[in-house]
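**Student:** with the sequence up front, the predicted model follows.
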Amino acid sequence: MKPLTIGSLVRQAYSTAEKKGWHEKPRSSLEIAALLHSEVSEFVEEMRRNTPLDLVGSEPDGKPIGPQIELADILIRIADYCGSEHLDLERALRAKLKYNKTRPYRHGGKRY
């Protein structure tokens, strides 16, 4: 299997969503934020059910389920949005990762 890069993730997520009709009408940034929140909430629900993090199962129709799948859904939503807005997610990630290396331990005393 070919390695998945950030750029290829963005292109594939956007292309699939477009082909499945999810880009027929423009969405506001607020709507995208709400959709991301719903994906995070689905991950939270998996945790509330004490589902083991490493569980990757499937429903009878073959749909993958489990905490890792919900995390994947979050990434797919982000990648799709970046594709639709022509955002360079890889560049942003590199900039943020580089900056995070300069931050103090626990960002100067934050608890969470």
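**Tutor:** It's in.
**Student:** report the helix or strand with the lowest average pLDDT across this structure.
**Tutor:** Least confident helix or strand, the chain: helix 106-109 with a mean of 83, by mean pLDDT, DSSP states H and E.
**Student:** pLDDT weak spots in this protein?
**Tutor:** Scanning the chain with the threshold set as pLDDT under 70 gives no residue ranges.
**Student:** quick check, central residue of it?
**Tutor:** What sits nearest the mean C-alpha location of the chain, by C-alpha atoms, centre = their mean, is residue 75, with 1.6 Å.
**Student:** could you report the distance from that residue to residue 102?
**Tutor:** Applying C-beta to C-beta, to the nearest Å, one obtains 25 Å for the distance of residue 75 from residue 102. Using the backbone N, CA and C atoms, a C-beta is placed for each residue, glycine as well.
**Student:** before we move on, what about residue 21?
**Tutor:** Relative to residue 102, and taking C-beta to C-beta, residue 21 is found at 43 Å.
**Student:** same check, this time on residue 70
**Tutor:** Taking C-beta to C-beta, one finds residue 70 at 31 Å from residue 102.
**Student:** looking at those two, which is more packed in?
**Tutor:** For residue 70 against residue 102, the residue with the higher neighbour count under other C-beta atoms under 10 Å is residue 70, and the figures read 20 against 6.
**Student:** can you pull out the helices in the chain?
**Tutor:** 6-19, 29-48, 67-84, 89-100, 106-109 (DSSP state H).
**Student:** tell me which residues in the first one are buried?
**Tutor:** Meaning helix 6-19. 6, 9, 10, 13, 14, 17 (16 or more other C-beta atoms under 10 Å).
**Student:** just give me the neighbour total for residue 109.
**Tutor:** 7.
**Student:** now it: how far from residue 43?
**Tutor:** Taken as C-beta to C-beta, the span from residue 109 to residue 43 is 28 Å.
**Student:** what's stretch 49-64 in contact with?
**Tutor:** Residues external to stretch 49-64 that are found in contact with it (C-beta atoms under 8 Å, 6 or more residues apart in numbering): 65, 66, 67, 68, 69.
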